[in-house]
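Asks: Return atomic coordinates for the entry below.
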Amino acid sequence: MDDEYSQPVPAYLNPRFVESRDGRPIRILSEYLEPAARFRRYEVSDTIVFYGSARIVSREQAEKMLNAARVHKGDVAAAERALDMSRYYEDARELAHRLTDWSKSLEGTERRFVVCTGGGPGIMEAANRGASEAAGMNVGLNIKLPFEQHENPHITRELTFEFNYFFMRKFWFMYLAKTLVIFPGGFGTLDELFEAMTLVTTGKLHKKMPVILYGTDYWDDVMDLDAMVRHGTILPDELDAVFRTNSVDDAFNHITRELTDLFLEEPGGRRELA
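Replies: Sure, this is the predicted structure:
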């Protein structure tokens with residue numbers, strides 16, 4: 001006789017069933033319902049999402065790496081590259097701090113724009129750190145991976161999430177997002193950028209959403225979006241949704257202006273969303 005059925009328990013308490021193929025719909029639904037309940041509890045409905053590489057480190061850490069490489073005859077070139085790229089960590093940290101300060105200063109509105117990241121190291125850590133240093137709540141949508149991804153220590157504890165399914169994590173990124181800020185990154189960041197642009201250009205989002213491509217030096221080297229216009233595979237105005245910059249000041253001014261125009265000019269500071 002199968003021991004699973006020797007002591008009957010409710011199906012939702014049976015880990016063998018819940019973790020099985022047949023229980024997958026329950027697991028998927030849980031990754032919708034549990035975050036939804038927490039977001040309602042803490043009144044989070046508007047997020048500023050930061051995407052970017054998990055491998056970009058802070059300036060302080062990069063300087064230590066470079067010093068160690070020089071002392072111990074390590075890979076100096078790689079350490080110098082890390083130091084150069086660390087400017088994006090510091091920019092993400094500063095931008096998240098300034099946006100959090102701005103959001104906290106808003107009066108006469110129910111809006112509260114909360115920094116949200118993938119919850120891991122690198123640019124994600126930088127944005128959570130900046131928001132935390134501004135004494136603001138911030139969100140981390142972490143994903144269970146066999147390497148690299150671990151939650152950073154700067155996420156608001158009550159808003160730290162752990163997802164198994166990428167598509168449910170992506171849903172929560174996009175559903176609450178009012179702005180996307182995309183810093184230099186790899187395949188994952190490119191996936192997030194192009195999925196967002198697909199949703200924007202096909203009208204699947206019932207809201208206008210500014211997209212900031214931060215780090216023009218990096219992105220111009222990695223890809224040529226304008227080439228798609230030249231070859232006729234996208235329309236010129238489909239790039240209008242993307243604001244490209246190398247400046248924290250420009251990014252901050254663009255984001256706050258757009259959020260004000262889109263979401264703070266309505267009576268009572270509310271507008272129906274998707």
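
Asks: so where do the helices sit in the stretch 151-274 of the chain?
Replies: Ranges of helices in the stretch 151-274 of the chain, per DSSP state H, counting those that start in this stretch, are 166-176, 187-201, 216-222, 225-230, 248-259.

Asks: and the last one, what other elements does it pack with?
Replies: Think helix 248-259. Judged by 3 or more Cβ pairs under 8 Å, 6 or more residues apart in numbering; DSSP states H and E, the packing partners of helix 248-259 are helix 76-105, strand 177-182, strand 211-214, strand 242-245. (Glycine included, C-beta is placed from N, CA and C.)

Asks: With the first one instead?
Replies: If contacts are counted by 3+ Cβ pairs under 8 Å, 6+ apart, helix 166-176 sits against helix 24-41, strand 46-51, strand 138-143, strand 160-163, helix 187-201.

Asks: how does it look with 7 Å?
Replies: helix 24-41, strand 46-51, strand 138-143, helix 187-201 (3 or more Cβ pairs under 7 Å, 6 or more residues apart in numbering; DSSP states H and E).

Asks: What pLDDT is listed against the most centrally placed residue in the chain?
Replies: For the chain, the residue nearest the mean C-alpha position is Thr117 (3.2 Å; Cα atoms, centre = their mean). On the pLDDT scale, Thr117 is placed at 98.

Asks: show me the contacts for it.
Replies: Applying Cβ atoms under 7 Å, 6 or more residues apart in numbering, we find Thr117 in contact with 50, 124, 127-128, 140.

Asks: re the thing from before, okay if I get the helices and strands packed on helix 248-259 as a markdown table plus distance to Lys64?
Replies: Shown next, in a markdown table, are the helices and strands packed on helix 248-259 (distance: least, Cβ to Cβ, whole Å):
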| stretch | distance to Lys64 |
| --- | --- |
| helix 76-105 | 9 |
| strand 177-182 | 27 |
| strand 211-214 | 25 |
| strand 242-245 | 29 |
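
Asks: Just the element for the closest residue in space to Ala82 that isn't next to it in sequence, please.
Replies: Spatial nearest neighbour of Ala82, excluding adjacent residues (Cβ to Cβ, 6 or more residues apart in numbering): Ala62 at 4.5 Å. In this assignment (DSSP states H and E), Ala62 forms part of helix 59-71.

Asks: Could you list every helix and strand in contact with that helix?
Replies: Under the contact criterion of 3+ Cβ pairs under 7 Å, 6+ apart, helix 59-71 touches helix 76-105.

Asks: Determine the next helix or strand in the C-terminal direction from the helix it packs on.
Replies: For helix 76-105, the succeeding helix or strand toward the C-terminus, using DSSP H and E, is strand 113-117.

Asks: Provide the strand pairings for that next one, with the direction of each partner.
Replies: According to DSSP bridges, strand 113-117 forms sheet pairs with strand 46-51 (parallel), strand 138-143 (parallel).

Asks: Could you point out which of those strands sits nearest Leu180?
Replies: Of all those, strand 46-51 sits nearest to Leu180, with 5.1 Å by Cβ to Cβ.

Asks: which outside residues touch that closest one?
Replies: 92, 96, 99, 111-117, 123-124, 127, 139, 173, 176-183, 185, 189, 192, 255.

Asks: contacting residues for the nearest residue to Gln61 once chain neighbours are set aside?
Replies: Counting by Cβ to Cβ, 6+ apart, the nearest residue to Gln61 once its immediate chain neighbours are dropped is Ser86, at 7.5 Å. Counting by Cβ under 7 Å, 6+ apart, Ser86 touches 56-59, 62.

Asks: Columns distance to Arg21 on top of the helices of the stretch 151-274 of the chain, output as JSON lines?
Replies: Output for those, formatted as JSON lines (distance: least, Cβ to Cβ, whole Å):
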{"stretch": "helix 166-176", "distance to Arg21": "17"}
{"stretch": "helix 187-201", "distance to Arg21": "26"}
{"stretch": "helix 216-222", "distance to Arg21": "39"}
{"stretch": "helix 225-230", "distance to Arg21": "40"}
{"stretch": "helix 248-259", "distance to Arg21": "43"}
